[in-house]
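Asks: fold the stuff below for me.
(one chain, ligands or ions: 1)
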Amino acid sequence: MEILDGRKLSKTLKEEIKEEVSAIVAQGHRPPHLSAVLVGNNPASEAYMGNKVKSCDMVGFDSKLIRRVEDISQDELLEIVSQLNNDDRVDGFIVQLPLPEHIDDEAVLLAIDPAKDVDGFHPYNFGCMAQGMDCFLPATPLGIITMLERYKVETSGKNVVVIGRSNIVGTPMSILLSRKSPSGNATVTLAHSRTKNLKEICLRADIIISALGKPFFITHDMVKEGVVVIDVGINRIDDLSRKSGTRLVGDVDFEKVAPKSSFITPVPGGVGPMTVASLMMNTLKAFKRKFDYTYNK
Ligand code: L34
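Replies: Here you go, the predicted structure:
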């Protein structure tokens, strides 16, 4: 069994980015700039955003965190998006999800200029992704693909089960893995809440990617010997043995599933840090693209 160490790999990737940024700055350019909009004070979003800002510092990007209160109106938020679209110093930006109930996520994501959409959530980028065209890939799927590549986990011809069909993880993941590409060529099953016989489906899987958000959902009797397990879940559960009274777990019963696995991601320290590193990769890409050619809307 080998741990897919997202913390270590993300550090390596960020060091690679930092070197590129140093070279860019040495040539007299300004560094790449990432802006992020954070609405409200959801503690999980705060933690993720903290990691994103720290990573920008580490790689040498300029960054700006735009905080707004929970009860911001949709029009005000759209106005911020429009300003970021038009600000030449901003190479890429993200609007952290989830947004409050009264805001229509779709309207906000559609308003983002696809050339600055380093989250890869705009339907333009999603469409390019689905057709194998150059685009910004969503950060979590890009992080997983990068992890599989760097650890030389073969996907070609493998049976992959992706659990969860969200727009930002499960659905793009299933498409990327089935495409004709170096980290694709898999036979993919996209499972979700209406799937029947999930256990039988999982038992046939060479690779399981769980993006469900249910602690201890994937148990040892659901996986075959030698399986590769990618755990995208981040669930906070009570743990009175900890000072904080809680701890993070994924969707996988790690203790019992790990011994049967050939590769497995831990939570924390697996997919999460890879998501953050991927955002850095996308921002560098946005910057480089901008100075190579202007996006044709
Ligand atoms: N717009 N919204 C937008 N873009 C994204 O790419 C995200 N996502 C998801 C939630 N909303 C978003 C993230 O950034 C999930 N996500 C994310 C980012 C970082 C981490 C986890 C999820 C992360 O750093 N995880 C750490 C633990 C963090 C903690 O202590 O809470 C880990 O080791 O898994």
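Asks: please make it C-alpha for all contacts and neighbour counts, starting now.
Replies: Will do.
Asks: helices of the stretch 151-297 of the chain, start to end?
Replies: All helices of the stretch 151-297 of the chain, identified by DSSP state H, counting those that start in this stretch, fall at 170-178, 198-203, 254-257, 271-292.
Asks: pLDDT on stretch 104-121, on average?
Replies: Taken as a whole, stretch 104-121 has an average pLDDT of 98.
Asks: which outside residues touch it?
Replies: Stretch 104-121 has contacts (CA atoms under 8 Å, 6 or more residues apart in numbering) with 74, 77-78, 81-82, 85, 91-95, 99, 122-126, 135-139, 167-168, 279, 282-283, 286, 295.
Asks: quick one: residues contacting the residue nearest in space to the middle of the chain.
Replies: In the chain, the residue lying closest to the centroid (CA atoms, centre = their mean) is T140, at 1.7 Å. Residues near T140 by CA under 8 Å, 6+ apart: 168-169, 271-272, 274-275, 278.
Asks: among the contacts of stretch 104-121, which ones are buried?
Replies: The neighbour count (16 or more other CA atoms under 10 Å) marks 74, 77-78, 81, 85, 91-95, 99, 122, 124-126, 135-139, 168, 279, 282-283, 286 as buried among the contacts of stretch 104-121.
Asks: out of those residues, which are close to the ligand?
Replies: Among those, the ones lying near the ligand by CA under 6 Å from any ligand atom are 94-95, 139.
Asks: quick one: low-confidence parts of the chain?
Replies: 293-297 (pLDDT under 70).
Asks: what residues does it have near the ligand?
Replies: Residues of the chain found near the ligand (CA under 6 Å from any ligand atom) are 44, 47-48, 51, 94-97, 119, 139, 267-273, 275-276.
Asks: among these, name the ones in strands.
Replies: 94-95 (DSSP state E).
Asks: ChimeraX command for the buried members of the residues of the chain next to the ligand?
Replies: Buried residues among the residues of the chain next to the ligand (16+ other CA under 10 Å), as a ChimeraX selection:
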select :94,95,119,139,267,268,269,270,271,272,273,275,276
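Asks: sorry, back to before: out of the ones next to the ligand among the buried ones among the contacts of stretch 104-121, who's nearest L13?
Replies: Set against L13, the nearest of those by CA to CA is A139 (13.6 Å).
Asks: got the contact list for G250?
Replies: 213-216, 231-235, 266-268.
Asks: and those as TSV, adding distance to L190?
Replies: Output for the contacts of G250, formatted as TSV (distance: CA to CA, whole Å):
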residue	distance to L190
G213	16
K214	17
P215	19
F216	19
D231	15
V232	15
G233	16
I234	20
N235	21
P266	22
V267	22
P268	24
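Asks: so which of those residues sit within strands?
Replies: Counting by DSSP E, the part of the contacts of G250 found in strands is 231, 235.
Asks: ok, and the most crowded of the contacts of G250?
Replies: The residue in these with the most neighbours, by other CA atoms under 10 Å, is V232 (30 neighbours).
Asks: I figured that residue hits K214, correct?
Replies: No. Under the criterion of CA atoms under 8 Å, V232 makes no contact with K214, lying 10.3 Å away.
Asks: for these two, list the residues in contact with both.
Replies: Common contacts of V232 and K214 (CA under 8 Å, 6+ apart): 250-251.
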